[in-house]
Every structure is written in C-alpha cells, then in structure tokens.
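1. Need a 3D model of the following:
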Amino acid sequence: MRLISPLHPTRSSRVFLASAFVVLAVFAFMVFLSFSSRVQAISTNVVISEFRVRGPNGGNDEFVELYNLSGAPVAIGGWKIRGSNNTAGVSDRATITAGTILQPGCHYLLTNSAAGGYSGAVAGNQTYTTGITDDGGIAVTLPDNTIVDAVGMSQSAFMAKQGLE
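-> Next up, the predicted model:
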C-alpha cells in the first residue's frame, strides 16, 4: 500500500493544480481585454486641467484651462470648447484662434468675458461670452467635434451627440 503525503502531491493533483492555474490565467486575461477595450483615456496630450462654471461674481465668473501633458507641442488652433446642459443640449462656447500652439507642460486659459465674467488674477489667453450651465459639462474637441477631453455631470450628452454611447 502506498502512502500519500500532503507534502508530496500526486501526479494527478499536480496536473489538476496546473490546469486550474491555466484556466484562471486565461479568464483573467479575457477580463483584462474586455475591460481595456471599453475604458480608454480620451486624450494622451491635451486635457482640461481645471474649470469653473460659477465663481464669486456669479454664473459668468467662469474659465476653462487646457494643459499639454505631452512632451511635444500641440497645434490647438481651430479646436473648440463645447458646453452641455442637463438636457443633453450641446453647443460651442469658443473656437481657439487659428495658429495657436500649446507647448509641452503649458496651459491655455479661456475665460468668460460676459457681464460679471471671469474674476481671476491670471489673464486668460482667449475669451468667450456664452456661459456653461452649473449642471452641464465641458469638452475640448477637434474642429470636427471629435472629443479630446471632457468633464462635468453631462459628459454623456457629449457622448450621445457624438454617437459614442
């Protein structure tokens, strides 16, 4: 009679453990592929780094700041700042001046110049006059409205308008 020791697993138990490990590894890889194909960063170069839709001066005391997080200059002339509201309405707030280049590690500040507008101490690079609702969202897009980055409660409005949902 052969004694089986827990310290010396049998061939069948080693095969079982190896098979279980392979099955788990394949499952984990499939989950990773499924997740990675659904969740992707919108931008790898220019992002909305900061924004405000209401400040000390009221609803028009707002700004949108872009940041180039890449190591290369990015031509942002013609790009747009778009705003949404809680009913999925989306419209342009500003079109960035043609020829504008955002250098690596630099910011570009767009401010509202309407009555009671931007009250910040840092001068903006460009202004706009149509405010962004408190319950809306903000996106920076390419000239064809392809989203580069978006923030805010109504980001789904941008996605729906772009046919991305």
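
2. Closest to the centroid, which residue in the protein?
-> D149 (4.2 Å; Cα atoms, centre = their mean).

3. and the gap between it and D135?
-> Distance of D149 to D135, computed by Cβ to Cβ, to the nearest Å: 20 Å. (Glycine included, C-beta is placed from N, CA and C.)

4. Next up, the contacts around A72.
-> By Cβ atoms under 8 Å, 6 or more residues apart in numbering, A72 lies in contact with 45, 104.

5. Tell me the backbone dihedrals of the nearest residue to G59 once chain neighbours are set aside, please.
-> In space, and not counting its chain neighbours, G59 is closest to G131: 5.7 Å by Cβ to Cβ, 6 or more residues apart in numbering. Main-chain dihedrals, G131, degrees, to the nearest 10: phi -70, psi 170.

6. what number of residues lie near G131?
-> Neighbour count of G131, defined by other Cβ atoms under 10 Å: 20.

7. Isn't it up against N112?
-> Yes. Here G131 lies in contact with N112, judged by Cβ atoms under 8 Å, at a distance of 5.9 Å.

8. Between those two, which contacts overlap?
-> Common neighbours of G131 and N112 (Cβ under 8 Å, 6+ apart) are 60, 62.

9. Doesn't the residue nearest to the centre of the chain belong to a helix?
-> No. The assignment for D149 by DSSP: H, G, I helix; E, B strand; the rest coil gives strand, which leaves it out of any helix.

10. so what's it scoring on pLDDT?
-> pLDDT, D149: 90.

11. List the beta-bridge partners for it.
-> V140 (DSSP bridges).

12. separation between it and D61?
-> 22 Å.

13. what do you get for V151?
-> In terms of Cβ to Cβ, V151 sits 18 Å off from D61.
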